[in-house]
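Peer 1: Task: produce atomic coordinates for the following.
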Amino acid sequence: MRYLVTGAAGFIGAAVSGALMARGDSVIGIDNLNSYYPVTLKMARRDRLKDRHPDAFTFEKVDFSDHLALAKALGGQDFDRIVHLGAQPGVRYSLENPRAYVEANVMGHLNLLELARERQVDHMVYASSSSVYGDASKVPVSVEDRVDHPVSLYAATKKSDELMSETYAHLYGIPQTGLRFFTVYGPWGRPDMMVWSFTAKILAGDPIPVFNEGEVWRDYTYIDDIVSGVVAALDHPPANDGSTKPGGSTNPHTIYNIGNHRCEKLLDVIRVLEEACGRKAEMQMLPMQPGDVLRTFADIDAIQRDLGYQPTTSVDVGIPRFVEWYRKYHTL
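Peer 2: The predicted model follows:
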């Protein structure tokens, strides 16, 4: 099978692309290689895919928020399914550059929906986010919970994506699965994410910013567990049979939480990082940041029941793996 993967030079996109090709599929990867974080990392992920799968991987540098450029880049190229993982990520950056989020996450998602409609693909899996839950008082959060009160523009764009997907599933019968990711980390991750940035600062002897005095909890999900869930979702398009799917749709549109189902306190995770790095962290205690939430914790019953998803990697295992990779990556 041939897949179109957006954000193929990104953290999750590159990992999913590699897993698909490792099992014998081929991938058309697209990415605009923007400078939100170092382009050298994105190019390294892309080049690693090219080196490992020279006959199965095709890459196009294109901004999928530009529908004309997208159509031109994919002209004459066939694919069966879409894995839409590209986006403008980051809660805090959405306060600084809101237009980038609407362009990439709203217009870009619409362009992929139109592409799915035009090409009549038999399934589109797309990235949503745990951020849609806002500062939920009830945990763990379920896909059946209301998500009408986002606390960041990033979260609002991801909720918009889910609504547009529901509309296209209703109007055109396009099978889609939305995945609400919970704090993904691991080798080849993103430098703006906590695990990477804290590792870099601890190893350099710089202070780390600890918001809300460390009274913050997250459901940290290791990249290998995320990939297994994305691939399982890809292999199981929702049926257009009128049944009610997780997330509440009676159209061929399913929404799943994809997390570790473990709620870890930030200070405990810092202690694991300190042990993996072999040195103590200098902590700078700060108030809560605008747009952040106190707690994320995924109810994964639906994806376990339907797809057999079962995360296996705790932070005690995953964080040392990341630190080991980080040291090797920065000594190349």
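Peer 1: Report the backbone C-alpha coordinates of the helix or strand encompassing Leu95 in PDB.
Peer 2: Taking DSSP states H and E as the definition, Leu95 sits inside helix 93-96. Provided in PDB are the C-alpha atoms of helix 93-96 (Å, rounded to 0.1, in the frame of the first residue of the first chain):
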ATOM      1  CA  TYR A  93       4.100  29.800  20.300                       C
ATOM      2  CA  SER A  94       0.400  30.100  19.400                       C
ATOM      3  CA  LEU A  95       0.300  33.200  21.700                       C
ATOM      4  CA  GLU A  96       3.100  34.800  19.600                       C
END
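Peer 1: Pull out the buried residues from that helix.
Peer 2: Neighbour-count burial for helix 93-96 flags 93-94 (criterion: 16 or more other CB atoms under 10 Å). C-beta here means a position set from N, CA and C on the backbone, and glycine is covered the same way.
Peer 1: And the contacts of whichever helix or strand comes after that helix?
Peer 2: Going down the chain from helix 93-96, the next helix or strand is helix 98-101, by DSSP H and E. Helix 98-101 is contacted from outside by 88, 93-94, 153-154, 157, using CB atoms under 8 Å, 6 or more residues apart in numbering.
Peer 1: Give me the helices and strands touching the helix or strand of the chain with the lowest mean pLDDT, please.
Peer 2: For the chain, using mean pLDDT, DSSP states H and E, the weakest element among its helices and strands is helix 93-96, scoring a mean of 88. Judged by 3 or more CB pairs under 8 Å, 6 or more residues apart in numbering; DSSP states H and E, helix 93-96 is in contact with helix 153-172.
Peer 1: partners of the following helix or strand past the helix it packs on, with directions?
Peer 2: Per DSSP H and E, helix 153-172 leads on to strand 176-181 as the next helix or strand towards the C-terminus. If you go by DSSP bridges, strand 176-181 pairs up with strand 124-129 (parallel), strand 253-258 (parallel).
Peer 1: Can you add distance to Ser142 and give those strands back as CSV?
Peer 2: Below are the strands paired with strand 176-181 laid out as CSV (distance: least, CB to CB, whole Å):
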stretch, distance to Ser142
strand 124-129, 14
strand 253-258, 7
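Peer 1: The ones you listed: which one's closest to Gln77?
Peer 2: strand 124-129 (16.1 Å; CB to CB).
Peer 1: looking only at pLDDT, what's the mean for the closest one?
Peer 2: Taken as a whole, strand 124-129 carries a mean pLDDT of 98.
Peer 1: List the buried residues in it.
Peer 2: Buried-residue list, strand 124-129, by 16+ other CB under 10 Å: 124-129.
Peer 1: could you dump these to JSON lines with distance to Ile319?
Peer 2: Listed next are these as JSON lines, based on distance: CB to CB, whole Å:
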{"residue": "Met124", "distance to Ile319": "33"}
{"residue": "Val125", "distance to Ile319": "27"}
{"residue": "Tyr126", "distance to Ile319": "28"}
{"residue": "Ala127", "distance to Ile319": "23"}
{"residue": "Ser128", "distance to Ile319": "25"}
{"residue": "Ser129", "distance to Ile319": "21"}
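Peer 1: Contact partners for the closest residue to Thr221 other than its chain neighbours?
Peer 2: Leaving aside its chain neighbours, Thr221 sits nearest to Asn260 (4.5 Å; criterion: CB to CB, 6 or more residues apart in numbering). By CB under 8 Å, 6+ apart, the contact set of Asn260 is 182, 219-222, 225, 298, 311, 313-314.
Peer 1: on that earlier part again, can you say which of the strands paired with strand 176-181 is nearest to Lys280?
Peer 2: Per CB to CB, nearest to Lys280 of those: strand 124-129, 32.4 Å.
Peer 1: so how far is that closest one off the chain centroid?
Peer 2: The gap between where strand 124-129 is centred and where its chain is centred comes out at 8 Å by CA atoms, centre = their mean, to the nearest Å.
Peer 1: Equivalent analysis for stretch 315-322, please.
Peer 2: On CA atoms, centre = their mean, the centre of stretch 315-322 falls 19 Å from that of its chain.
Peer 1: in it, what's buried?
Peer 2: Buried, per 16+ other CB under 10 Å, within stretch 315-322: 315, 318-319, 321-322.
Peer 1: Pick the one among the residues you listed closest to Gly29.
Peer 2: Of these, the one sitting nearest to Gly29 (CB to CB) turns out to be Phe322, at 23.3 Å.
Peer 1: Arg190 is in contact with that closest one, correct?
Peer 2: No. Phe322 is beyond contact range of Arg190, at 11.4 Å (criterion: CB atoms under 8 Å).
Peer 1: which neighbours do these two share?
Peer 2: With CB under 8 Å, 6+ apart as the test, Phe322 and Arg190 both reach Trp196.
Peer 1: can you give me the helices in this structure?
Peer 2: 11-22, 39-52, 67-74, 93-96, 98-101, 108-119, 153-172, 194-204, 223-234, 266-277, 301-307, 315-329 (DSSP state H).
Peer 1: Give the rounded mean pLDDT of the first one.
Peer 2: If I follow you right, that is helix 11-22. For helix 11-22, the per-residue pLDDT averages 98.
Peer 1: mind checking how far that helix is from the chain centre?
Peer 2: Per CA atoms, centre = their mean, the centroid offset for helix 11-22 relative to its chain is 12 Å.
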